[in-house]
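S.K.: What follows is a predicted protein model with its sequence.
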Amino acid sequence: MKKLILTAFTAMALISCKNENKSTEESASETEGMAMTEDSKTVETEFNITPIEHATAVFDFGDSVFYIDPVGGAEAFEGQPDPDVILVTDIHGDHLNEETLAAVAVSSTTIFAPQAVVDALKTDLKNQVTIINNDETKNWDGYSLTAIPMYNLREEAKQFHTKGRGNGYVLEKNGLRVYFSGDTEDIPEMRNLKDIDKAFICMNLPYTMTVASAADGVIAFKPKEVYPYHFRGQDGLSDVEKFKGIVDSANIGTEVIFLDWYPNGAE
């Protein structure tokens with residue numbers, strides 16, 4: 001599967017040369033690979049994502065490998081590196097499959113999930129889960145993970161995703177902030193997000209939100225990049241080109257990027 005490689009530079013500044021006699025080449029060599037310090041040295045944080053299908057993906061963020069909502073059986077992850085961290089958003093079958101979760105998690109894998117997911121697990125795998133609920137922040141190996149609420153607003157859809165049960169996530173390291181919406185509508189908690197570099201936004205009816213509503217929410221919080229994902233609904237795939245058109249016409253500086261979330265088709 002084609003992997004999109006995205007590199008984010010979260011800070012860039014010139015380093016004062018301590019020795020006036022050093023050449024430009026020597027000074028540049030010294031800055032390579034440096035982490036952010038009080039001296040404002042160069043930082044590079046890499047983010048590479050491979051969509052698996054629908055809401056499921058594997059991504060490298062910095063030095064660690066993350067899976068989000070692994071479903072589809074072990075075969076869906078053939079050739080992928082073992083996960084350091086697994087994020088689970090909700091209890092529905094397109095986000096939580098215990099057999100797949102058990103197949104891909106290794107003994108060193110940390111799993112983050114809301115309480116409802118732990119309650120749904122039937123095996124000892126639940127002992128490997130660190131519970132994180134709405135509005136909580138957990139830290140792991142230099143990463144910050146915040147659980148963002150995800151829920152429906154429309155009366156006819158509130159039974160799909162009740163407030164407080166599932167999580168969207170903001171994952172941050174070295175100032176690079178990545179948001180996965182999970183299954184949500186255009187809620188205030190999403191609209192109020194700040195400084196998001198990469199946003200993965202769902203849009204499918206009747207379960208989450210319309211293309212127009214998703215675009216309106218994105219226009220409100222203005223991420224640097226937005227990726228439609230989780231856009232298969234009862235009537236097939238949502239019109240992501242329409243989504244792009246709405247966001248582009250708002251002239252907010254957000255780039256809409258398409259990835260192949262449905263390599264096996266819409267069904």
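M.R.: That came through, no problem.
S.K.: show me the contacts for residue 137.
M.R.: With contacts defined as CB atoms under 8 Å, 6 or more residues apart in numbering, the neighbours of residue 137 are 144, 145, 146, 147. C-beta here means a position set from N, CA and C on the backbone, and glycine is covered the same way.
S.K.: Kindly recompute the last result at 6 Å.
M.R.: Taking CB atoms under 6 Å, 6 or more residues apart in numbering as the definition of contact, the neighbours of residue 137 are residue 146.
S.K.: Next: residue 204.
M.R.: 231, 232, 233, 238.
S.K.: quick one: which of those residues is most hemmed in?
M.R.: Neighbour counts for those, by other CB atoms under 10 Å, peak at residue 231, which reaches 24 neighbours.
S.K.: follow-up on the earlier one: export the contacts of residue 204 to TSV and tack on distance to residue 79 and secondary structure?
M.R.: Converted to TSV, the contacts of residue 204 look like this (distance: CB to CB, whole Å; DSSP: H, G, I helix; E, B strand; the rest coil):
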residue	distance to residue 79	secondary structure
231	25	coil
232	24	strand
233	30	strand
238	29	coil
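S.K.: So among those, where is pLDDT lowest?
M.R.: In this model, the minimum pLDDT among the contacts of residue 204 belongs to residue 233 (85).
S.K.: What score does the residue lying closest to that one once chain neighbours are set aside have for pLDDT?
M.R.: Ranked by CB to CB, 6 or more residues apart in numbering and with sequence neighbours excluded, the top spatial neighbour of residue 233 is residue 204, at 3.5 Å. The pLDDT attached to residue 204 in the predicted structure is 85.
S.K.: What separation do you get for residue 65 and residue 211?
M.R.: Distance from residue 65 to residue 211, counting by CB to CB, to the nearest Å: 31 Å.
S.K.: which of those two has more neighbours?
M.R.: When residue 65 and residue 211 are compared for neighbours, residue 211 comes out ahead with 21 against 18, by other CB under 10 Å.
S.K.: Run a quick check on the more buried one versus residue 238, I expect a contact.
M.R.: Yes: with contacts counted by CB atoms under 6 Å, residue 211 reaches residue 238, the gap being 5.4 Å.
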